[in-house]
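Colleague: mind looking at a prediction? Sequence and model below.
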Amino acid sequence: MKSFTKKVALVKQMGMEKMGKTESHADNDATKETKDKLRVIKNEYKEIYTTGKFYCQETEKSTQEGTKFADALTKFGEGFLINSQVGEVLKNVGFQLKAVEQARQTCNVNSMTSLIAPVGKFNDTEIKKARDAKHKQDAVRLRYDAALEKLTETKKKNDANSLKVKQVETECEELKKEYDAVNKEFSDVMENLNIEMNKRLVAELREFALQQLAFYKQASALWAESNEILSSFQA
């Protein structure tokens, strides 16, 4: 019966919180802010991974279409316009475009490996650890908050020195010890999450930028070469 009563109290506490009729008295402002921060990190990491993965998939499609276009230019230059100056230019542009698309594809794969995949892995490991720690803290916190609500109600109906009040106070004290332990665990996990997130993101973004820079330098060099040939042809 006692266990059933506690379950009812937990359900009541959860319902009141969801309806916004009460809030946690156990969590202080700093803990609530930390939980909000975790919620933002989780959502933003998911958004980065989802949109980044889509970006890489679309880039892959673009490189495939670009390669088809390059092949079409080359085919025309080696076919109907063979042995003509225009044919040579078409072949050159086709070869260069294909080389650019191959470089883009390599950059895309490296970008996925250097940034997008690590973001997904971090979400599945480090952020999950923090979320698990939060769920564990929330479970104890909910029981503690329910006990605090019970203590408030008991004090309204009974003398402050009555046995009923003392029993609930003892229950609250025991729950506070458990709460303090899981709250510290959650706080430690979040501190480590922040450190690892900042460190890894900087390294991953640096590698991503280097991959992009390498691609655009290579593409620029290839198109500069084609431009010289085309300028020569026009002259």
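Modeller: Right, received. Where do you want to start?
Colleague: what sits against Thr34?
Modeller: Taking CB atoms under 8 Å, 6 or more residues apart in numbering as the criterion, Thr34 is in contact with Phe186, Ser187, Met190. No exception for glycine: its C-beta is placed from N, CA and C like everyone else's.
Colleague: mean confidence for the top helix by length along the chain?
Modeller: Here the longest helix in the chain is taken by residue count, with DSSP state H as the criterion, and it is helix 163-234. Helix 163-234 shows a mean pLDDT of 93.
Colleague: hmm, back to that, for the contacts of Thr34, which one is nearest Ile116?
Modeller: Nearest to Ile116, judged by CB to CB, of the contacts of Thr34 is Met190 at 24.2 Å.
Colleague: how much space separates Asn92 from Glu78?
Modeller: With distances defined as CB to CB, to the nearest Å, the gap from Asn92 to Glu78 amounts to 11 Å.
Colleague: neighbour count: these two, which is higher?
Modeller: Asn92 (18 against 15; other CB atoms under 10 Å).
Colleague: check which helix or strand covers the residue of the chain positioned farthest from its centre.
Modeller: For the chain, the residue at maximal distance from the C-alpha centroid (CA atoms, centre = their mean) is Asn83, at 54.9 Å. Assigning secondary structure by DSSP states H and E places Asn83 outside every helix and strand.
Colleague: let me know the pLDDT of it.
Modeller: Asn83 is given a pLDDT of 74.
Colleague: over to Met14?
Modeller: At Met14 the predicted local confidence, pLDDT, stands at 54.
Colleague: and what of the one 3 residues further on?
Modeller: As summarised for this prediction, Glu17 has a pLDDT of 55.
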